[in-house]
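J.: Give the three-dimensional model of this entry:
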Amino acid sequence: MKITNYIHTRNLRGDLFGGLTAAIVALPMALAFGVASGAGPIAGLYNAVILGFFAALLGGTPTLISGPTGPMTVVMAAVIVTFTNKYPGPEGWAISFTVVMMAGLFQILFGVLRLGKYITLMPYTVVSGFMSGVGFIMLILQIPPFLGQEGVQGVVKTLAALPGFVSNASPPEVGLGALTLALLFLTPPRVSRTVPPQLIALVLGTLISATLLSGQLKVVGNIPAGLPEFYLPTFSGISGGDLQLMVINALVLGMLGSIDSLLTSIISDSLTQYEHNSNKELIGQGIGNMLSGFCGGLPGAGATIGTVINVQVGATTAISGMFHAVTLLVFVFVAAPLTQMVPLSVLAAIALKVGIDIIDWSFLKRAHRLSIKAAAIMYGVMLLTIFVDLIVAVGAGVFIANVLTIQRLSDIQAKNVKVITASDDAELLEHEEKLLLEKVKGKVLLIHLGASLSFGAAKAISQRHSMIGQYKVLILDFTNVPTLGVTASLAMEKMVNDALKQGLDVYVVGSSGKVEDRLQKFDILGPIPDKHQMDTLRDALHDVVENHQEMLATPTA
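T.: The predicted structure is shown next:
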């Protein structure tokens, strides 16, 4: 595998311009996400620089722009609150950033184990409910700074304190936040294609704050320029329960970052007609997040808005993502002090717009019309995400969705296990096979198996098992079965063994390839004479008619 991403200099102008434009878009988002997380604006900038550079250099999607994202920020905010409360001082921050490093390690592991193609196979109802829940969390948590108030920890506490926030709202803060939202929503497309509305809102809001409303608004304050404070992975002195919580949160961040990044990679592929390398992308994202945590940065992932703008401007290689990171790095070293006058209400409004965009409004409005079960899963995951716990929400949603899927597959596979006892039931058989079946006078139990058979078919096979005592011959037709699962094989083994014990002649028809290998491994074919293992159903029925006349003439018990 090539170590670096897809890089060449034949489109250098397009890549540099794309990276510069993506950096302009990313700057206000990184500041907003840093503040929203509780780690400060510089933590968002560090992630945009470090993850943005290394994910571009080592990833598998040439035009992907990476940085802090809304869903990752919401989870990280909960991590910071949890561990800084339990471990006050520098230790709590070190533990929080250790979780970020562990999340990166999980992403690398996903890539090394080649799990990329499976990461995005989560049911859409779960993804939609989770993302909408995250969007609502971001909306709720940004209400206090939007109103000019100090926030409280957690969604429930914020909602409980909402009347107080509203009654004590600061008119200048609310006015500037509302102006920011108006700019974000109402900037004409022809303008937003040239200058990102987030940047317009950031610059205009800061100018208004510094001139017309000087001293009346809460602002970001000083942002340290230069090298970050480095954090080594910290595990000493941590209780077993908290260590388990670190692992769980890291796994959630790793999974969420992987899903977010690979979904954005798919969007990039649709725009560029380039097929990304999902496992390589996970490794690049993991390395970037590990280094981001080491430098006190937020966790991040592929950013859809930045990636789309990057491609639209003309970028084609990973130079664009690397230049986007370098541009932001220059800002950190040179211009970071200029952001100290940025009003918090402006950043809160930018984060509010992100929360609104994350919510899956389209599916929320029509889920109940598509499927009651799908709607129940989606709304359930959303409410659990908002009011209980993100991990519980995703776990419960995936479990219920998979149970329902298994039930549907079982029903489908049960229909593929068809019992044919007389020519009247033989709509699947050819004309000659029907005639032969008529001659055996209902003494033959033919089980016609169709499509792949997994554990979903085992119940149907077991139900047919009870019928074998009424017949003299059992024919199992595997002609249309490409694969046979372990559970279905065990059910088949029990049926064959019981049939032989009861004195039935057993025929196996059409087994080949993987199915034949599976039958041999379970020794299902062993007790069956070779002459009863045939290629076609017609041959088996001929053999029954020609060689079992005496048996077929005997009345059925």
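J.: Which elements pack onto the helix or strand hosting residue 349?
T.: The secondary structure element spanning residue 349 is helix 344-358 (assigned by DSSP states H and E). When contacts are defined as 3 or more Cβ pairs under 8 Å, 6 or more residues apart in numbering; DSSP states H and E, helix 344-358 sits against helix 12-37, helix 70-86, helix 124-146, helix 171-186, helix 197-211. In this view, the C-beta of every residue, glycine as well, is placed from N, C-alpha and C.
J.: For it, buried residues please.
T.: The neighbour-count criterion (16 or more other Cβ atoms under 10 Å) identifies 344-356, 358 as the buried residues of helix 344-358.
J.: Can I get it in PDB? Just the C-alpha atoms.
T.: What follows is helix 344-358 as a C-alpha-only set of coordinates in PDB (Å, rounded to 0.1, in the frame of the first residue of the first chain):
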ATOM      1  CA  LEU A 344     -19.000  34.600  21.800                       C
ATOM      2  CA  SER A 345     -22.600  35.200  20.600                       C
ATOM      3  CA  VAL A 346     -21.300  35.200  17.000                       C
ATOM      4  CA  LEU A 347     -19.600  31.900  17.500                       C
ATOM      5  CA  ALA A 348     -22.700  30.500  19.200                       C
ATOM      6  CA  ALA A 349     -24.800  31.600  16.200                       C
ATOM      7  CA  ILE A 350     -22.300  29.800  13.800                       C
ATOM      8  CA  ALA A 351     -22.600  26.700  16.000                       C
ATOM      9  CA  LEU A 352     -26.400  27.000  16.000                       C
ATOM     10  CA  LYS A 353     -26.400  27.000  12.200                       C
ATOM     11  CA  VAL A 354     -24.300  23.900  12.200                       C
ATOM     12  CA  GLY A 355     -26.700  22.200  14.600                       C
ATOM     13  CA  ILE A 356     -29.600  23.100  12.400                       C
ATOM     14  CA  ASP A 357     -27.800  21.700   9.400                       C
ATOM     15  CA  ILE A 358     -26.900  18.400  11.200                       C
END
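J.: How far away from the center of its chain is it?
T.: The gap between the average C-alpha position of helix 344-358 and the chain average comes to 24 Å, counting by Cα atoms, centre = their mean, to the nearest Å.
J.: tell me the mean pLDDT over that helix?
T.: Predicted confidence along helix 344-358 averages 89 (mean pLDDT).
J.: With distance to residue 324 as extra columns, can I get the buried residues of helix 344-358 in JSON lines?
T.: Rendered in JSON lines, the data for the buried residues of helix 344-358 read as follows (distance: Cβ to Cβ, whole Å):
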{"residue": "344", "distance to residue 324": "25"}
{"residue": "345", "distance to residue 324": "27"}
{"residue": "346", "distance to residue 324": "22"}
{"residue": "347", "distance to residue 324": "20"}
{"residue": "348", "distance to residue 324": "25"}
{"residue": "349", "distance to residue 324": "24"}
{"residue": "350", "distance to residue 324": "18"}
{"residue": "351", "distance to residue 324": "21"}
{"residue": "352", "distance to residue 324": "24"}
{"residue": "353", "distance to residue 324": "21"}
{"residue": "354", "distance to residue 324": "18"}
{"residue": "355", "distance to residue 324": "24"}
{"residue": "356", "distance to residue 324": "25"}
{"residue": "358", "distance to residue 324": "22"}
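J.: Looking at these, which is nearest residue 23?
T.: For residue 23, the nearest member of the buried residues of helix 344-358 is residue 350. The distance, counting by Cβ to Cβ, is 15.9 Å.
J.: Strands of the stretch 201-350 of the chain, start to end?
T.: Secondary structure of the stretch 201-350 of the chain by DSSP state E, counting those that start in this stretch: the strands cover 301-302.
J.: ranges for the helices of it?
T.: For the stretch 201-350 of the chain, applying DSSP state H, counting those that start in this stretch gives helices covering 240-272, 278-294, 304-313, 319-330, 344-358.
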